[in-house]
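> Show me how the following folds:
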Amino acid sequence: MVTSAIKQFAEEMVWGNLDVMVLDLPPGTGDAVLSVVQLVPLDGALVVTTSNSLAAVTAARGAMIFEKSSVRVLGVVDNMAYFPMPDGSKEYIFGEGYAAGVAAQLEVPVLAEIPLDKSLHTDKISESSENIFDNLARKILELLKK
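A predicted model of the protein is given here:
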């Protein structure tokens, strides 16, 4: 069912001239990831992980599908990486270094650390989080130009 939906998405939709399309896929090596890699022309992939060992292992395993399919992994994003403290410091409440480990394994950079920020669930994202996403988008566009 997932494969047929992705096939329809890839073959029957008329997207026009797009600069970028972002597909948010489930973690791991399941049917959705395999189908997208096989059916959708990809210029690059981001690997998103969180700060725990199971997520990091799953993210690295999922990235191998892209590499085996000659899809360039652009970098790693560390989601829910830290809690921003009032004094501007970062509290890595789940630990740190997992995304960096995945990035080192894949030989790509960590492109962003996304904070635990309640404003991300509202229509008024904090300026600091907005800057993080703006910088991430710029990095992705630069990498896609290479």
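
> Longest helix of this structure, counting residues only.
Ranked by residue count under DSSP state H, the longest helix found in the chain is helix 127-145.

> residues making contact with that helix?
Helix 127-145 is touched from outside by 20, 43-44, 46, 74-75, 77, 84, 111-115, 117, 119-120, 125, with contacts defined as CB atoms under 8 Å, 6 or more residues apart in numbering. Heads up, the C-betas are built off the backbone N, CA and C, glycines and all.

> quick one, phi/psi of residue 77?
The phi/psi pair for residue 77 (degrees, to the nearest 10) reads phi -120, psi 130.

> Tell me how many other residues crowd the spatially closest residue to residue 67 that is not a sequence neighbour.
Residue nearest to residue 67 in three dimensions, not counting chain neighbours: residue 73, with 6.4 Å by CB to CB, 6 or more residues apart in numbering. Residues lying near residue 73 (other CB atoms under 10 Å) number 20.

> Look up phi and psi at residue 73.
phi -80, psi 120.

> And residue 113, by the same measure?
Phi and psi for residue 113, reported as degrees, to the nearest 10, are phi -110, psi 120.

> isn't it right up against residue 76?
No. Contact status for residue 113 versus residue 76: not in contact, 9.9 Å apart, counting by CB atoms under 8 Å.

> what is in contact with these two at once?
By CB under 8 Å, 6+ apart, residue 113 and residue 76 have these common neighbours: residue 99.

> Comparing these two, which residue is more hemmed in?
Neighbours per residue (other CB under 10 Å) separate residue 113 from residue 76, with residue 76 holding more: 28 against 20.

> Show the contacting residues for the closest residue to residue 109 other than its chain neighbours.
Nearest non-adjacent residue to residue 109, counting by CB to CB, 6+ apart: residue 75, 4.8 Å away. Applying CB under 8 Å, 6+ apart to residue 75 gives the contacts 46-47, 103, 108-111, 139, 143.
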